[in-house]
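1. My questions are about this predicted structure, shown below with the sequence.
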Amino acid sequence: MSTLTHSRTALPTLFWTLLLALSGALRAAPPDLTATGVIPTIDRSETYNLGPTGLRGWIHLSGGAGNTHGADGTMTGESRQILVTVASTPGSAVLAVDDVILGAMAAGSGTVPNFSSDARKALGAAIGEAEKTEAGTLRVKRWRAGTVTDENIPMTIMGDYTATAPYSCPKSTLVLANARNKLVGQLLANTSFLSSDWSGAISALALLAGVQSGDPDFAAVQTRLQTYARSLASAGPVDGGLPIWDWAYEGLFLAEYDLATGDANVLPGINSYPLKLVQSQSINGTFGHGPSVLRPDGSGRRMNTGYGPVNAIGIV
């Protein structure tokens, strides 16, 4: 009986083991970026921001072509190399477009080892170590036109995250301050920075929360936020395309702006956005990328449009 029981439980396990092994074998292996003629074949439409290095790079995606979700990609677990596609400071001092990063580590003695795990995650971990007060330097193994060398990229000292991060954490506070200053700089340099879509509303939310009285350019930021909020409230939800994400975040911004400022001019928008969203919800309580429409069966019930429900937007 024990043998029979063992065989019955082992068969499904064996089946799935073989299936997983087969699926892994069918995946395209990561290309060797240092091999002759490979770099020109790389599709650079989907790349990763490489943190504070000032670099952007192509990283192999597990699953091959078709298993991507836009510019942020998907899983990179099989990657062991990073192709530099954009180089600006501080990384541009030692890395240029078409260089390949083969490995990384924080400042220390010895040769920089090649990546032995997910190159994206390993680089991120090395950057975190390099930003600590005892480091300040990111070391990378660089391949350039057939020559491999170890190079140093200076990192701004940020300290380390505390166990309570982001609360009572100097590094978290510094990250927030840097992000706030970057957003303010972009806002003041670009009159169209706060666009009428979800990205503009999210940027406005960040500026509303992050720029406080006494901060540089506080008055200028408030003026821009007021103009943006009143324009959204006056125009109301704009139909066309797949606007559910836009309406949700624009309505959320208007509500937070009213709570922060008491500006009665935005009240019409605070009324119109929720009403439009309620009318756009399906009979199932879900939202699609576009407003719901009446079912053709004459029942009066509404169904989603777009490619399936986007449950996360219901939270907003």
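-> All right, it came through fine. Numbering: from 1, shown residues only.

2. count of residues packed around the closest residue in space to Asp160 that isn't next to it in sequence?
-> Distances taken as Cβ to Cβ, 6 or more residues apart in numbering put Lys132 closest to Asp160, at 5.0 Å, once the chain neighbours are dropped. C-betas here are computed from N, CA, C, even on glycine. Neighbour count of Lys132, defined by other Cβ atoms under 10 Å: 17.

3. Is Lys132 in a helix, a strand, or coil?
-> coil (DSSP: H, G, I helix; E, B strand; the rest coil).

4. Tell me if I'm right that it and Gly159 touch.
-> Yes: using Cβ atoms under 8 Å, Lys132 is in contact with Gly159, at 6.6 Å.

5. Quick check: end-to-end length of stretch 133-151?
-> 20 Å (Cα to Cα, to the nearest Å).

6. For it, buried residues please.
-> 135-136, 138-144, 151 (16 or more other Cβ atoms under 10 Å).

7. chain center to that stretch: distance?
-> The chain centre lies 26 Å from the centre of stretch 133-151; the measure is Cα atoms, centre = their mean, to the nearest Å.

8. got a list of contacts for that stretch?
-> 33-34, 53, 94-96, 98-108, 111-114, 126-127, 129-130, 152-155, 157, 159-160 (Cβ atoms under 8 Å, 6 or more residues apart in numbering).

9. among those residues, which ones are buried?
-> 33, 53, 94-95, 98-107, 112, 126-127, 129-130, 153, 155.

10. Just the ones of those residues in helices?
-> Counting by DSSP state H, the members of the buried ones among the contacts of stretch 133-151 that fall within helices are 126-127, 129-130.

11. on contacts alone, who are the packing partners of the helix or strand that contains Leu259?
-> Assigning secondary structure by DSSP states H and E places Leu259 in helix 244-261. When contacts are defined as 3 or more Cβ pairs under 8 Å, 6 or more residues apart in numbering; DSSP states H and E, helix 244-261 packs onto helix 198-210, helix 218-235, helix 267-280, strand 288-294, helix 311-315.

12. picking that back up, sitting in strands, which of the buried residues of stretch 133-151 do you find?
-> Judged by DSSP state E, these include 138-144, 151 as members of strands.
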